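>>> Mind folding the following:
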Amino acid sequence: MDKLVITRPDDWHLHLRDDALLASVLPYTCARFTRAVVMPNLDPPITTVAQAAEYRQRILAARPAGSNFSPLMTLYLTDDTTAGEIRKAAAAEFVVAVKYYPAGATTLSDAGVTAIEKVYAAIDAMQAGDVPLLVHGEATDPTVDVFDREKAFIDQTLAPLADKFPRLRIVFEHITTADAVDFVLASRQGIAATITAHHILLNRNALFGQGLQTHHYCLPVLKRERHRQCVLEAATSGSERFFLGTDSAPHATADKQSACGCAGIFSAHAAIELYAEAFAQAGRLDRLEAFASHHGPDFYRLPRNQETITLTKNPWTVSRTLEFGQHDLTPFRAGEEVAWRLGPDDD
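Coordinates of the predicted model:
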């Protein structure tokens with residue numbers, strides 16, 4: 001298959017930053033997706049509905065001319081989040097979820113939850129108001145090996161949480177292990193997961209090829225090959241529990257290549273094309289549309305998009321750097337080829 005027409009997809013996990021940085025990266029998402037769930041880990045974080053409304057307006061103002069892209073906003077869960085604020089979120093049409101970062105788990109997560117018990121009242125309000133909880137699923141105990149943090153989080157936090165709040169909808173974001181796949185498939189209804197392109201295209205060897213590859217460093221960190229294969233199988237299986245979430249996370253090149261390089265991979269410039277490459281390699285390109293365009297809106301109880309995009313098997317070379325405000329960033333596959341291209345009417 002050298003050409004594929006699919007329902008225009010959505011991105012259910014995206015980092016856009018703010019101000020001039022936002023304006024630099026947003027056009028890539030607008031060219032490929034109708035909607036995106038926008039992460040709230042700014043500095044300071046988006047913790048209230050009022051802040052989410054203001055951030056949403058900045059995103060709308062930064063859209064390229066003619067774009068109908070719609071940002072779906074989230075709140076950042078903290079130890080101080082009140083049930084009252086969650087009820088406001090449930091009543092606000094533009095807020096679709098609340099994001100749970102264990103404190104210290106990833107970029108700008110210092111304001112995150114220090115102990116899950118501290119936010120039970122807020123989570124109870126989410127369950128009552130049918131507000132999904134989006135989970136960065138990694139244990140932060142420094143004695144847990146970095147490659148085991150996802151499994152430890154499942155055992156210690158996520159599985160008990162799902163049992164305690166049986167009507168809470170949960171998205172286990174950017175899963176990376178066979179353990180996470182098994183958990184989602186065995187779970188009750190209302191539990192799903194997003195999968196990134198980089199976690200199904202790369203294994204942890206990509207971090208260390210010909211020296212330390214800082215532009216392949218992300219959290220959760222890339223895992224061994226058997227986990228990559230299991231997550232790829234989940235993405236391409238046709239199961240409605242798995243859907244597209246790029247976790248595209250822009251950082252200035254200097255920050256990625258510093259002595260303490262930032263975690264995050266920027267993939268928005270070729271997002272749907274990279275998924276097409278992974279699905280084609282698996283021999284399941286016919287299942288991309290459901291994963292990219294159907295399962296996400298169905299979980300969030302939103303209408304599927306009506307427009308289509310065209311993908312063609314037509315290799316192109318990614319720029320080595322892209323503009324990022326007053327800086328530049330190094331995109332995923334910088335200087336290398338991507339096998340699929342957004343069609344001539346859609347790029």
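
>>> Could you export the helix or strand harbouring Glu233 as CSV, CA atoms only?
Using DSSP states H and E, Glu233 sits within helix 225-235. Extracted as CSV, the C-alpha positions of helix 225-235 are listed here (Å, rounded to 0.1, in the frame of the first residue of the first chain):
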residue,chain,number,x,y,z
GLU,A,225,13.2,-4.7,22.4
ARG,A,226,10.7,-7.2,23.9
HIS,A,227,8.7,-4.3,25.4
ARG,A,228,8.8,-2.2,22.2
GLN,A,229,7.4,-5.2,20.3
CYS,A,230,4.6,-5.7,22.9
VAL,A,231,3.6,-2.0,22.8
LEU,A,232,3.7,-2.0,19.0
GLU,A,233,1.5,-5.1,19.0
ALA,A,234,-1.0,-3.3,21.3
ALA,A,235,-1.0,-0.2,19.1
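
>>> the helices in the stretch 51-200 of the chain, which residues?
In the stretch 51-200 of the chain, the helices defined using DSSP state H, counting those that start in this stretch lie at 83-91, 120-129, 149-153, 159-164, 178-186, 198-201.

>>> Mean pLDDT, mean neighbour count and distance to Leu212 added to the ones you listed, as a markdown table?
C-beta: built from backbone N, CA, C; applies to glycine. As requested, those are exported to a markdown table (pLDDT from 0 to 100; neighbours: other C-beta atoms under 10 Å; distance: least, C-beta to C-beta, whole Å):
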| stretch | mean pLDDT | mean neighbour count | distance to Leu212 |
| --- | --- | --- | --- |
| helix 83-91 | 98 | 18 | 40 |
| helix 120-129 | 98 | 19 | 39 |
| helix 149-153 | 98 | 23 | 20 |
| helix 159-164 | 98 | 14 | 34 |
| helix 178-186 | 98 | 19 | 26 |
| helix 198-201 | 98 | 23 | 17 |
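
>>> quick one, what contacts the closest residue to His15 other than its chain neighbours?
Ranked by C-beta to C-beta, 6 or more residues apart in numbering and with sequence neighbours excluded, the top spatial neighbour of His15 is Ala249, at 4.3 Å. By C-beta atoms under 8 Å, 6 or more residues apart in numbering, the contact set of Ala249 is 15, 107, 218, 263-266.

>>> can you pull out the strands in this protein?
Along the chain, the stretches classed as strands by DSSP state E are 3-7, 11-14, 35-38, 70-76, 95-100, 133-135, 170-172, 191-195, 242-244, 308-317, 322-324, 327-329, 337-342.

>>> Could you export these as CSV, including mean pLDDT and distance to Gly211?
What follows is those, written out as CSV (pLDDT from 0 to 100; distance: least, C-beta to C-beta, whole Å):
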stretch, mean pLDDT, distance to Gly211
strand 3-7, 97, 36
strand 11-14, 98, 29
strand 35-38, 98, 33
strand 70-76, 98, 35
strand 95-100, 98, 34
strand 133-135, 98, 33
strand 170-172, 98, 32
strand 191-195, 98, 28
strand 242-244, 98, 31
strand 308-317, 98, 22
strand 322-324, 98, 22
strand 327-329, 97, 20
strand 337-342, 98, 21
